[in-house]
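Just the structure for this:
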Amino acid sequence: MKFASQTSSSVLHYSKARLRQLIKSRQLSFNLRESALAGAGHVVVCVIRNEGHRLPFFLDYYRRQRFDHFIFIDNQSDDSTKSILENQKDVSVVSAAGSYKAARFGNDWVNEVINRLCRDKWVLYVDADEYLVFPHDDCRSIRDLTAHLSRQGLQSLRAIMIDMYGPGRLADNICEIGGDPLTVCPLFDRSGYMKHHDPVENTTWIKGGVRGRIYFRDRLWDGPALNKVPLIHVSGERLYLKSSHQIWPLSLNYADPVGGHAVTGALLHFKFLSTFVDKIADLHNLSEHTDEYAAYANSAGNEIFLGANSQRYRGWADLMENGLLDGTDWHL
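Model (predicted):
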């Protein structure tokens, strides 16, 4: 009976996500580079609001990984975002009216975009402060990785989100406009991650890291989920159910080759720059995010994250050595 109940719950999540996608699609208006998008095999999808200071480096980073096209879902930005994106030949912009929170933190918009515009493409769904890394990304492109996944019969890539931070106070992590955030926040927690696998939802939930250590020390499982499925092949209907932490069909949440070796990725997450202090002081911004933001607001940027688990990030091998990545031999 318990299994049947959990299965019914998963189907209910799917049904609700599909209905919300239909309803929230009315909030979207499209300004597409149609010919460029049509010819793209690898697309980055990103929901943004006032991320102009991050966009130049973000675009450069994923172009170097050889993504073909970007779809930015812009939720009413009033900074430099529009001027930065309007002349980019590999960028399409989807304008989203309404509440980010009410659209399930942008998920309903993303589901409409990927199912309407990205059929038969590989899609990377990330935030503007997330940077995908994977084994051998210093010599292999995203096209090499997805070709490998396809040969293994896989249509998704699991990833762990790694929160990056600097050696001093959060408020002192100042990154110049268009700068590489890794030069400001080069540290990560090499351990302190807890896992729990839900076999019914085919999802391994991960929590902890530096946010667990600093903000949720005595209540780790109340903290943010760090497991994600950011890279998928849209060969049929795809619906993100719980941010990018879980997707439908559920088979994509924990997809490993039969008889082969799994490959996983990581998202280097640069939330803790000095601009975060302004975000948590903005009452409207707080109202548009999850309840976890209340934990951040209490510290006002004076946090110092440096600890016994801290390690400087030099490349993907550092994550592999600490058991945070899998698939060292996939490129062979």
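
Give me the next element, helix or strand, following the least confident helix or strand in the chain by mean pLDDT.
Among the helices and strands of the chain, helix 283-287 carries the lowest confidence by mean pLDDT, DSSP states H and E, at a mean of 59. Past helix 283-287, further along toward the C-terminus, the next helix or strand under DSSP states H and E is helix 293-297.

helices or strands next to that following helix in the packing?
helix 275-281, helix 283-287 (3 or more Cβ pairs under 8 Å, 6 or more residues apart in numbering; DSSP states H and E). Just so you know, the C-beta spots here come from the backbone N, C-alpha and C atoms, and that holds for glycine as well.

pLDDT of that helix, averaged?
Mean pLDDT, computed over helix 293-297, is 77.

Just the buried residues of that helix, please?
The neighbour-count check on helix 293-297 (16 or more other Cβ atoms under 10 Å) flags 295-296 as buried.

what's the answer for stretch 181-193, then?
181-182, 184-190, 192-193.

Same question for stretch 250-269.
250, 252-255, 263-269.

Would you reformat those residues as JSON lines and include pLDDT and secondary structure?
Listed next are the buried residues of stretch 250-269 as JSON lines, based on pLDDT from 0 to 100; DSSP: H, G, I helix; E, B strand; the rest coil:
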{"residue": "Leu250", "pLDDT": "95", "secondary structure": "helix"}
{"residue": "Leu252", "pLDDT": "96", "secondary structure": "helix"}
{"residue": "Asn253", "pLDDT": "95", "secondary structure": "coil"}
{"residue": "Tyr254", "pLDDT": "89", "secondary structure": "coil"}
{"residue": "Ala255", "pLDDT": "79", "secondary structure": "coil"}
{"residue": "Val263", "pLDDT": "95", "secondary structure": "coil"}
{"residue": "Thr264", "pLDDT": "96", "secondary structure": "coil"}
{"residue": "Gly265", "pLDDT": "98", "secondary structure": "strand"}
{"residue": "Ala266", "pLDDT": "98", "secondary structure": "strand"}
{"residue": "Leu267", "pLDDT": "98", "secondary structure": "strand"}
{"residue": "Leu268", "pLDDT": "98", "secondary structure": "strand"}
{"residue": "His269", "pLDDT": "98", "secondary structure": "strand"}
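
now, among those residues, which is nearest to Val133?
Relative to Val133, the closest of the buried residues of stretch 250-269 is Ala266; by Cβ to Cβ it sits at 5.1 Å.

give the contact list for that closest one.
132-134, 159-162, 316, 319, 324-325 (Cβ atoms under 8 Å, 6 or more residues apart in numbering).

quick one: which of the residues you listed is nearest to Asp90?
Taking Cβ to Cβ as the measure, Asp90 lies nearest Leu132 of the contacts of Ala266, at 17.1 Å.

does that closest one really touch Leu267, like I thought?
Yes. Using Cβ atoms under 8 Å as the test, Leu132 is close enough to Leu267 to be in contact (5.9 Å).

Quick check: the gap between the spatially most central residue of the chain and Pro199.
Nearest residue to the geometric centre of the chain (Cα atoms, centre = their mean): Val126, 3.4 Å. To Pro199, Val126 is 27 Å away according to Cβ to Cβ, to the nearest Å.

Show me where this protein dips below the pLDDT cut-off.
Within the chain, the segments meeting pLDDT under 70 span 1-9, 258-260, 282-291, 300.

ok, which stretches of it are helices?
2-24, 34-38, 55-64, 81-85, 107-117, 142-151, 209-214, 275-281, 283-287, 293-297, 316-321 (DSSP state H).

would CSV of these with distance to Pro224 be doable?
Formatted as CSV, those follow (distance: least, Cβ to Cβ, whole Å):
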stretch, distance to Pro224
helix 2-24, 19
helix 34-38, 32
helix 55-64, 21
helix 81-85, 25
helix 107-117, 15
helix 142-151, 26
helix 209-214, 6
helix 275-281, 14
helix 283-287, 15
helix 293-297, 10
helix 316-321, 19
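
Out of these, the one nearest Val45 is which?
Among those, helix 107-117 sits nearest to Val45 (Cβ to Cβ), with 6.0 Å.
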